[in-house]
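J.: Generate coordinates for the sequence data below:
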Amino acid sequence: MIAYIRGKIISKDSNSVIIENNGIGYEVNIPLSTFYNLPEDHKETSLYIYSCIKDDTINLFGFYSLLEKRLFLMLISVSGIGPRLALNILSGIGPEDLLNAIGNEDIDRLCRIPGVGRKIAKRLVLELKEKTDSLILDTEIEKEEKDDEILKDAISALVNLGYPLEKAKKVVKKVSNEINISDLETIIKESLRTIAENL
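T.: Okay, the predicted model is just below:
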């Protein structure tokens, strides 16, 4: 069973991507959220895969993030929702927004997703609310751990540039409190700017 694939993008559109791995081209169905994160054709990418075997057909469904795949698996566990509709749901709403809509029992928001009527929306809330609560918590913990790692790397980068450890810690902490942590480069750039302004 294929669970993960890494390779070169041969072609892509908003519904699928063909990835070459060891000379074999795999056609993978994807949601829009994954499509927007894909690099240009002929560049390397990696996707988390769900393999759906039905009759004599094997369909691959791919996701840029593990969160998307976990949501997909939760969606297809709901009675009446198959892989295609689950993919359609993930294309119609972002992963975090979907978690919030189910967690807050926002039926109206769920009904605005193409292909989701009131009956399916209520079923999503009924069958997934408790599961999404734990997934939201897991996501928040993962984000905090990722943020901590970014801060450590930023401090290390400043030390490697010749700044004292204590000063690096102080500046990075100040910057991280003032702006949303997005990526390592942003934190380092803002930290250097802060140091320059205080010379």
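J.: mind showing which ranges of the protein have poor pLDDT?
T.: Applying pLDDT under 70 to the chain picks out residues 133-147, 180-182, 199.
J.: mind checking how far the most centrally placed residue in it is from residue 123?
T.: Nearest to the mean C-alpha position of the chain, by Cα atoms, centre = their mean, lies residue 65 at 3.7 Å. Residue 65 is 25 Å from residue 123, where distance means Cβ to Cβ, to the nearest Å. The C-beta positions use only the backbone N, C-alpha and C, and glycine is treated the same way.
J.: Ramachandran coordinates for residue 122?
T.: When read as degrees, to the nearest 10, the backbone of residue 122 gives phi -70, psi -40.
J.: which ones are touching the spatially closest residue to it that is not a sequence neighbour?
T.: Nearest residue to residue 122, sequence neighbours excluded (Cβ to Cβ, 6 or more residues apart in numbering): residue 107, at 6.3 Å. By Cβ atoms under 8 Å, 6 or more residues apart in numbering, the residues touching residue 107 are 118, 121-122, 125.
J.: and the residue nearest to residue 44 when sequence neighbours are not counted, bridged to which residues?
T.: The spatial neighbour of residue 44 that comes closest, neighbours along the chain excluded (Cβ to Cβ, 6+ apart), is residue 8 at 5.6 Å. With DSSP bridges as the criterion, residue 8 is bridged to residue 20, residue 44.
J.: Check the one 4 residues further on too.
T.: When bridges are assigned using DSSP bridges, the partners listed for residue 12 are residue 17.
J.: And it, how close does it get to residue 157?
T.: Going from residue 12 to residue 157 by Cβ to Cβ gives 34 Å.
J.: and if you look at residue 128?
T.: 41 Å.
J.: What of residue 176?
T.: Applying Cβ to Cβ to residue 176 and residue 157 gives a distance of 14 Å.
J.: for residue 166, same thing?
T.: Taking Cβ to Cβ, one finds residue 166 at 15 Å from residue 157.
J.: Give me the more crowded residue out of the two.
T.: Taking other Cβ atoms under 10 Å, residue 166 and residue 157 do not tie; residue 157 has more neighbours (18 against 9).
J.: Now do the same contact list for residue 77.
T.: Residue 77 neighbours (Cβ under 8 Å, 6+ apart): residue 127.
J.: go again using 10 Å as the cut-off
T.: The neighbourhood of residue 77, defined by Cβ atoms under 10 Å, 6 or more residues apart in numbering, consists of 86, 127-128, 131.
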